[in-house]
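Participant: Would you be able to build a 3D model of this:
(one chain, ligands or ions: 1)
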Amino acid sequence: MSIQNTVSSWEELLETARKNTSARRVKRPGQSPSTAPIPSSLHKIPPDTTPPVLLYRDTNSWCPFCERVWFALEEKEIPFATEFIDLSNKPQWYVDLVPTTLVPAAKIEEKLVYESKDILLALEERFPSPALLPEDPEENAVARQLVEEAETNGFRDIVYKFLRDAPADAHELANLQAAFEAKLDELEQALAKYPGPYFVSTFSLVDIMYSPHLDRLAANLPVYRGYHLKGNPRFPRINAWFDALNQRPAYQRVKSDNITNNLLLRRRWGVEPIGNPLPLDAVDSEKIQYRAEAAERLSDNREVAIGDILKNSGVQALAADGDITTIKEAVDFHLRQLADYLINGNGATLPGGRTGGKNSSIDPIFAAVGAIALAYVRNRICAPRDMSAGAATAFRVAVDKLLTSVY
Ligand SMILES: N[C@@H](CCC(=O)N[C@@H](CS)C(=O)NCC(=O)O)C(=O)O
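Facilitator: From the prediction side, this is the model:
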């Protein structure tokens, strides 16, 4: 049997994947990012009309402040367009346009607004329904105050100091931890003031202000500080708040996943892990819509994925006489096997390597290329830049499974 015939073709894989998920993205040939999400509300305006909001955000979807604005746009179902700004090489027009030169910024019906908090308030003013601030005037004032305080109460400074600073000794680390816990105690108390899991009696901009930061902390503290926020009995309300947030479809669209957060802290901020990454979320990885979304993304964007692996993973070093034809074939095969496993392989016996069977010989170069390609994409996938957090989790779980059968 030829290699190509042992798993389905890309066309077959894409077709099956699309039958199992409605998730689609726009392709951006030759640009970064190579695909972009389609706002869930875009169908509300006629095709080819300009949406009322233009969001300027970071290319990698790592920016927690951009996440706030995206979260609100999705909650309020406001149609919007996105302009991606490369923060490592900001275009001069952006620097000229936005006084702080930071992302996010937005044009709301042509009016420029910057600073995530101010964008949230401006969106609320222009698109009041569904409301993300309470209707009751008293509670509305409390919520507005909490939104302001989220920027001024020292929360970010204190929590990220504990996460990112390299303390001189155990005493200093203990001080950073104590300051961090005291700050979270304040949030815990704030969450107790109104009935229900949120900061006020309904989901609001206050939750949006805190969510990207608390999510990153919950993912990274166990790995970088050996400290657990999720399941910590000191913070029952924060934990109930996480659970409530996770029920919101808009949050599922915009949030990142634990592994992306873990990798980002090491690569972008140079923080050294002291523990292993969190275990992958088994629930998300088993859901067919996430598995299909991951397979759809991989199949639809395969050319970019394969090109990236060939260029950046190190597999080129295995090419005999510099000829990458067989290397490319091996990468292509293993990625198709991954897409196939995502769609068809939940719980099934693993397919085995290229040859299989105990009397057949394994081609070690073919297997090595497969192992490199799979390990590389596992840590390359970034949620939600490339796919939703649920799909990225399903993707990584499937890769881990396949890596057990490469040789
Ligand atoms: N206070 C700002 C903070 C925005 C911010 O720090 N954005 C970062 C990305 S996470 C940025 O634009 N960095 C680029 C730079 O510092 O030049 C807000 O809430 O919008």
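
Participant: Next one: residue 393 relative to residue 38, how far apart?
Facilitator: Note on residue 393: its distance to residue 38, by C-beta to C-beta, to the nearest Å, is 21 Å. The C-beta positions use only the backbone N, C-alpha and C, and glycine is treated the same way.

Participant: Kindly report the residues of the protein close to the ligand.
Facilitator: Contact residues (C-beta under 6 Å from any ligand atom) of the chain with the ligand: 58, 63, 65, 87, 101, 102, 103, 104, 115, 116, 117.

Participant: is it true that the last one touches residue 209?
Facilitator: Put plainly, it is residue 117. Yes. Contact between residue 117 and residue 209 holds when scored by C-beta atoms under 8 Å: they sit 6.8 Å apart.

Participant: higher neighbour count, these two?
Facilitator: Neighbour comparison, residue 117 and residue 209: the larger count goes to residue 209, with 24 against 18 (by other C-beta atoms under 10 Å).

Participant: Which helix or strand contains the more buried one?
Facilitator: Assigned by DSSP states H and E, residue 209 belongs to helix 205-224.

Participant: what's the next helix-or-strand element following that helix packed up against?
Facilitator: The helix or strand immediately downstream of helix 205-224 is helix 236-246, counting by DSSP H and E. The contact analysis (3 or more C-beta pairs under 8 Å, 6 or more residues apart in numbering; DSSP states H and E) places helix 236-246 against helix 170-191, helix 205-224.

Participant: mind putting those helices in JSON lines, mean pLDDT included?
Facilitator: Below are the helices and strands packed on helix 236-246 laid out as JSON lines (pLDDT from 0 to 100):
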{"stretch": "helix 170-191", "mean pLDDT": "97"}
{"stretch": "helix 205-224", "mean pLDDT": "97"}
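
Participant: The nearest residue to residue 45 once chain neighbours are set aside: neighbour count?
Facilitator: Leaving aside its chain neighbours, residue 45 sits nearest to residue 79 (4.9 Å; criterion: C-beta to C-beta, 6 or more residues apart in numbering). Other residues near residue 79 number 17, with proximity taken as other C-beta under 10 Å.

Participant: What separation do you get for residue 79 and residue 53?
Facilitator: Distance of residue 79 to residue 53, given as C-beta to C-beta: 7 Å.

Participant: How about residue 379?
Facilitator: Applying C-beta to C-beta, the value for residue 379 to residue 53 is 33 Å.

Participant: out of the two, which sits in the more crowded spot?
Facilitator: More crowded of residue 379 and residue 53, by other C-beta under 10 Å: residue 53, with 24 against 15.

Participant: Would you confirm that that one contacts residue 78?
Facilitator: Yes. Using C-beta under 8 Å, residue 53 is in contact with residue 78, at 5.7 Å.

Participant: anything in contact with each of these two?
Facilitator: Jointly contacting residue 53 and residue 78 under the rule C-beta atoms under 8 Å, 6 or more residues apart in numbering are residue 123.

Participant: so what does the lowest-mean-pLDDT helix or strand in the chain touch, helix or strand wise?
Facilitator: Between all helices and strands in the chain, the lowest mean by mean pLDDT, DSSP states H and E belongs to helix 282-286, at a mean of 79. If you count contacts as 3+ C-beta pairs under 8 Å, 6+ apart, helix 282-286 packs onto helix 389-403.

Participant: what's the helix it packs on packed up against?
Facilitator: Contacts defined by 3+ C-beta pairs under 8 Å, 6+ apart place helix 389-403 against helix 258-269, helix 282-286, helix 288-300, helix 325-344, helix 364-380.
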